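Asks: predicted coordinates and the sequence they were generated for:
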Amino acid sequence: MSVALASVPAEPGRENEDFAAVAPEAAVLLDGAGVAGAETGCTHGVAWFSATLGGMLLGAITAHPDEPLAVCLADSIRVVRSLHGSGCDLTHRASPTSTVVAVRARAGALEHLVLGDSSLLLTDPQGRTTVVTDRRLDDVGKRLRGPVDSLPTGSPEHATALAEHRDALTKFRNRSDGFWIAGVDPRAAEHALTGAVPLESLASVSLLSDGASRLADRFQLATWHDTLAVLDSSGPEELIRRVRSAEATDPHGRRWPRGKAQDDATALHWVLT
């Protein structure tokens, strides 16, 4: 098992709300989220939520190898919910949430779970890559973006429009006509994308937060095959460096409209063969 991992906050000195960790035969990646410019209702914050849930989930999928990944996620959400104190308002519209990607090698297969818009790359020995991404959040977001994409990223007007957009998104969170995300409701785990593939059919597995996958899925400056080539040859640090270089050429989001000029970026690359 050979794993390379890199995680960089959106800006130096800022708290990183991504979380990734590895155990023998298992890995998780979470991308925490709140509502821009709003209190979360949680005294702990988004970074605490994603790190605590990620740690609980990695422990659950390794300690209980016969439990489905979705069951482990639901149980972990319940545990984290119980850790919130009386000062946390778990019904708050901006309460912390997180995407989840989890993989586990067991009984000759790689089991996987994806919830939210982080990505999982499954690559075979011939270099063919299957990408598993939950697009429901993106689909809802496109319907609600309104003026966000027409305003310069980072401007006061963009910040106001983005806050209104993300506030509107919360009304569709964990609903059948919206999208599903890890938060306080363990039932969200039932709606994760799950599957399993034979280990012998894989050369590598890569877990990417949406801040690290931008070259391929938002900027379209690289294919997923190109992304894999960077991970294989130079590792996650180089992939994130290239993302940052691209972002620097478009700081106001005119070429690539986006909520954040730079986002937390995390990449985990697990070579199996």
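Replies: Received, thanks.
Asks: tell me where this structure has helices.
Replies: For the chain, the helices defined by DSSP state H occupy 46-63, 69-83, 136-144, 156-170, 214-217, 224-233, 236-248.
Asks: Serialize those to JSON lines and add fields for mean pLDDT, distance to R187 and mean neighbour count.
Replies: All C-beta spots, glycine's among them, are computed from the backbone N, C-alpha and C. Shown next, in JSON lines, are these (pLDDT from 0 to 100; distance: least, Cβ to Cβ, whole Å; neighbours: other Cβ atoms under 10 Å):
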{"stretch": "helix 46-63", "mean pLDDT": "96", "distance to R187": "15", "mean neighbour count": "22"}
{"stretch": "helix 69-83", "mean pLDDT": "95", "distance to R187": "7", "mean neighbour count": "19"}
{"stretch": "helix 136-144", "mean pLDDT": "71", "distance to R187": "15", "mean neighbour count": "16"}
{"stretch": "helix 156-170", "mean pLDDT": "71", "distance to R187": "17", "mean neighbour count": "17"}
{"stretch": "helix 214-217", "mean pLDDT": "95", "distance to R187": "28", "mean neighbour count": "22"}
{"stretch": "helix 224-233", "mean pLDDT": "97", "distance to R187": "31", "mean neighbour count": "18"}
{"stretch": "helix 236-248", "mean pLDDT": "98", "distance to R187": "33", "mean neighbour count": "19"}
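Asks: indicate which one of those helices is closest to P186.
Replies: helix 69-83 (3.9 Å; Cβ to Cβ).
Asks: against which helices or strands is that closest one packed?
Replies: Of the remaining helices and strands, those touching helix 69-83 by 3 or more Cβ pairs under 8 Å, 6 or more residues apart in numbering; DSSP states H and E are helix 46-63, strand 97-106, strand 109-115.
Asks: out of these, which is closest to R242?
Replies: So among the helices and strands packed on helix 69-83, strand 97-106 is nearest, using Cβ to Cβ, at 20.8 Å.
Asks: what's the angle from that closest one to helix 46-63?
Replies: 20 degrees (axes from the mean of the first three to the mean of the last three Cα atoms, to 10 degrees).
Asks: in strand 97-106, which residues are buried?
Replies: 97-105 (16 or more other Cβ atoms under 10 Å).
Asks: reformat these into JSON lines and put pLDDT and distance to R244 next to each item.
Replies: Output for the buried residues of strand 97-106, formatted as JSON lines (pLDDT from 0 to 100; distance: Cβ to Cβ, whole Å):
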{"residue": "T97", "pLDDT": "91", "distance to R244": "25"}
{"residue": "S98", "pLDDT": "95", "distance to R244": "23"}
{"residue": "T99", "pLDDT": "97", "distance to R244": "21"}
{"residue": "V100", "pLDDT": "98", "distance to R244": "25"}
{"residue": "V101", "pLDDT": "98", "distance to R244": "22"}
{"residue": "A102", "pLDDT": "98", "distance to R244": "27"}
{"residue": "V103", "pLDDT": "98", "distance to R244": "26"}
{"residue": "R104", "pLDDT": "98", "distance to R244": "31"}
{"residue": "A105", "pLDDT": "97", "distance to R244": "32"}
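Asks: and which of those is nearest to D66?
Replies: Nearest to D66 among those, with distances taken as Cβ to Cβ, is R104, at 10.8 Å.
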